[in-house]
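1. Sharing a sequence plus its predicted fold:
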Amino acid sequence: MSKRSPSPVLSARGLEVDFRVRGGRRARAVDGVNLDLAPGEILALAGESGCGKTTLARTLLGLVRPSAGQVEYAGRPLAYSTGALKSYRRAVQLVLQDPTGALNPRHTVYEAVAEGLRIHGISDNERDRVAEALARCGLRPPERFFLAYPHELSGGQRQRVVIAGALVLEPKVIIADEPVASLDASVRGEILALLLRLREEFGLAALVVTHDLGLAWSIADRLAVMYLGRIVESGPTEQVLTNPRHPYTQALVSVLPDSPVDRSIILSGEPPDVTRIPAGCRFHPRCHELASGAAEQAGVAEACRRTPLPVLGTDPTDGAPAVACHLHAARLTPTADSPK
Amino acid sequence: MNTPLPGTPDAPRLTSVRALAWQRRRAAIGRFWREYRQQRAGMVGLAGLLIIVVLALAAPLISDRDALDVTQATGDRLQPPSLEFPLGTDETGRSVLLLTLWGARISLLVGITATLLAMVIGTLVGIAAGHFGGWLTGLLMRVTDWFIVLPRLVLAIALAAVLGPSLTTIVIAIGVTSWPGTARLIRAQTLAVEARPYLERAKALGAGHWHQMTRHVLPNVMPLVLASTTLEVASAVLAEATLSFLGLGDPSRVSWGSMLSRANSSGAVTYGAWWYLLTPGLAILAVVLCFTLCGRALEAVFNPRLRGR
């Protein structure tokens, strides 16, 4: 399943999203992201709060219009007309973090799951479709849940209802924004197993937004690490997590239990501010390699502070992780100025 | 999934889902009623309202419309309460009791229709202002503010004067002047509902504005609208009485406000005809009190945090 398909089902090309913040300043939540999601692939998007991963997910769903770049579905750029968006939304579905909030408390499970069908005017076999979607999500027998209200269900059951509501439209891609962050540890495993099973059975591709690298490890084929609106490292999950190359990824991985990084790196400095993105490498004010002088030794310290890094491409041809780091580039090809 | 399983007819199963949904709805209404019943003041208000409404509806059965005809009045001028006229007579010899009974019809009719008008305008403006952002919200809210700062009574008098005295005029004058409070209330609630993740989910499912507003926002602001309506009826009845008292009502119909107006102009005060002034006054008080009690009880049921206050 982790084989890369030549034609991605969903991709982002040079995506940029700006927000106007108080005081007329512009905040760039997403600053040049290239991303490919192959059919049947699970891609985890990791990063700390405020790095723009939720904005990226919302942009991929067409809920936010990018300021530059484009979202492509099945090779075609996404159009933002009402009709085009509506048909796009049958194919790409959202699963939210908090299933309690994601379900209207006044709607029964049946209404919540059938909502997508009703919006898209699919009226044949509504009941069977709803029943099947619920059954696929492990709510069996589905008839028992039809008339339950969300408050009568457990957190795990609610999230299953949300996933069933997405599945009933038979989408090709599910974008899950922290799908298990608000669930108990025991339920968490069940929901993740459900996502994996749906991928196996229906070839569903998924983009899972998370701050939890452990979650990425357990379900994702590929992992993209985001920092301040950009992807700083991406590649097969196993490679990224067992051999993190970007200092930021190293820091994230170093605090996991059984970390391959021998010492835990605690990030210092201020949390990133999207209205003031640092010059040069955007991570350099907090970079431990720069602070410890490792970058100086490799002769890239000046580049770290001054030279902006290119936006990472989508597809490392050799399957190796792509890394946006001057130091890493210098170590990889000591003679060349830049690898790309 | 696209083809139904053999031997499973679709229609009867669908109706069973609907029947079950109805059952759930009935159960929900039953739950609501059980909670409402615990509000003692609300029950008193409801009982009072029922009595008043039944009396108003039964007025044609109790007495002939001719009882309101000045030329067929049987009593003397401003006769004090007696067995024949339990609440005395007015300056033309008509029974104040019958006048009050018939007046209830107009007062309630105007109060309720004007409130419905105000609620429809207020809910539409409130939901639209909460749902769509940008210049439309700015425009709608400025208009709302404009109506709020205008003195309601003066505006209603001006409207009634321009449109000419009739029942419709009074309904419009009250309805058009009493929606801004509701609009602000509904807008605030709409904003709260819009921030909920299920709206985001609906958008991601492909829901348009209409679907979002009718399926998600409206059902969630409806309880508030209902409670607000009940409270608003009370002030609409008062407004009707005020306008009629000022002589802007339909002169051919008896309402409590017009009764007070006639009592005032016919010198009932100097004559000491307390029955003529007190009866419509107490009737207004009773209706306003009942609607307020019901409205407060509804608010308490819909918003449990208010209970016991």
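-> Looks like it arrived, so ask away. Numbering: from 1, shown residues only, chains lettered A, B, ... in the order given.
2. ok, now which ones touch residue 178?
-> I'll assume chain A. A:97, A:209, A:210, A:211 (C-beta atoms under 8 Å, 6 or more residues apart in numbering or on different chains). In short, each C-beta sits where N, CA and C put it, glycine included.
3. wait, chain B
-> Residues in contact with residue B:178 (C-beta under 8 Å, 6+ apart) are B:114, B:115, B:118, B:152, B:232, B:235, B:236, B:239.
4. Angles on the backbone of it, please.
-> Per-residue torsions, residue B:178: phi -110, psi 10 (degrees, to the nearest 10).
5. same question, the one 10 residues further on
-> As for residue B:188, its main-chain torsions (degrees, to the nearest 10) stand at phi -60, psi -40.
6. For the stretch 101-250 of chain A, which segments count as strands?
-> A:173-177, A:205-210, A:222-227, A:230-236 (DSSP state E, counting those that start in this stretch).
7. Looking at those strands, spot the one closest to chain B.
-> strand A:173-177 (8.3 Å; C-beta to the nearest C-beta).
8. still on that earlier bit, could the strands of the stretch 101-250 of chain A go into CSV alongside mean pLDDT and mean neighbour count?
-> Output for those, formatted as CSV (pLDDT from 0 to 100; neighbours: other C-beta atoms under 10 Å in any protein chain shown):
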stretch, mean pLDDT, mean neighbour count
strand A:173-177, 91, 25
strand A:205-210, 92, 24
strand A:222-227, 90, 26
strand A:230-236, 89, 25
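9. Make a markdown table from these and add distance to residue A:8 to it.
-> Formatted as a markdown table, these follow (distance: least, C-beta to C-beta, whole Å):
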| stretch | distance to residue A:8 |
| --- | --- |
| strand A:173-177 | 10 |
| strand A:205-210 | 9 |
| strand A:222-227 | 11 |
| strand A:230-236 | 13 |
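10. May I see those strands arranged in CSV, with distance to chain B as well?
-> Converted to CSV, those look like this (distance: least, C-beta to the nearest C-beta, whole Å):
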stretch, distance to chain B
strand A:173-177, 8
strand A:205-210, 13
strand A:222-227, 21
strand A:230-236, 23
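11. To residue B:160, which of those lies closest?
-> Residue B:160 lies closest to strand A:173-177 among the strands of the stretch 101-250 of chain A, at 55.5 Å (C-beta to C-beta).
12. for the closest one, the distance to its chain's centre please.
-> 8 Å (C-alpha atoms, centre = their mean, to the nearest Å).
13. All the helices of chain B, residue numbers only.
-> B:10-37, B:40-57, B:59-62, B:96-131, B:134-149, B:152-163, B:167-177, B:180-194, B:197-205, B:209-211, B:218-245, B:256-265, B:268-271, B:274-302 (DSSP state H).
14. Tell me the buried residues in the shortest one?
-> When neighbours are counted by 16 or more other C-beta atoms under 10 Å in any protein chain shown, the buried residues of helix B:209-211 are found to be residue B:211.
15. Show me what that helix is in contact with.
-> Residues contacting helix B:209-211 (C-beta under 8 Å, 6+ apart): A:119, B:131, B:132, B:202.
16. I'd guessed residue A:92 sits against residue A:58; true?
-> No. Using C-beta atoms under 8 Å, residue A:92 is not in contact with residue A:58, being 11.6 Å away.
17. out of those two, which sits in the busier spot?
-> Shown here are residue A:92 and residue A:58; by other C-beta atoms under 10 Å in any protein chain shown, residue A:92 has more neighbours (25 against 21).
18. residue contacts, the more buried one?
-> Counting by C-beta under 8 Å, 6+ apart, residue A:92 touches A:10, A:60, A:61, A:62, A:73, A:171, A:172, A:173, A:174, A:175.
19. show me the contacts for the first one.
-> Pointing back at residue A:10 there. Contacts of residue A:10 (C-beta under 8 Å, 6+ apart): A:36, A:37, A:60, A:71, A:72, A:73, A:92, A:172, A:173, A:205, A:207.
20. these two touch, right, residue B:203 and residue A:63?
-> Yes. Residue B:203 is in contact with residue A:63 according to C-beta under 8 Å; the separation is 6.0 Å.
21. out of those two, which sits in the busier spot?
-> Set residue B:203 next to residue A:63 and count neighbours by other C-beta under 10 Å: residue B:203 wins out with 20 against 16.
22. Could you report the pLDDT at the more buried one?
-> On the pLDDT scale, residue B:203 is placed at 89.
23. hang on, residue B:32 packs against residue B:301?
-> Yes. Using C-beta under 8 Å, residue B:32 is in contact with residue B:301, at 6.6 Å.
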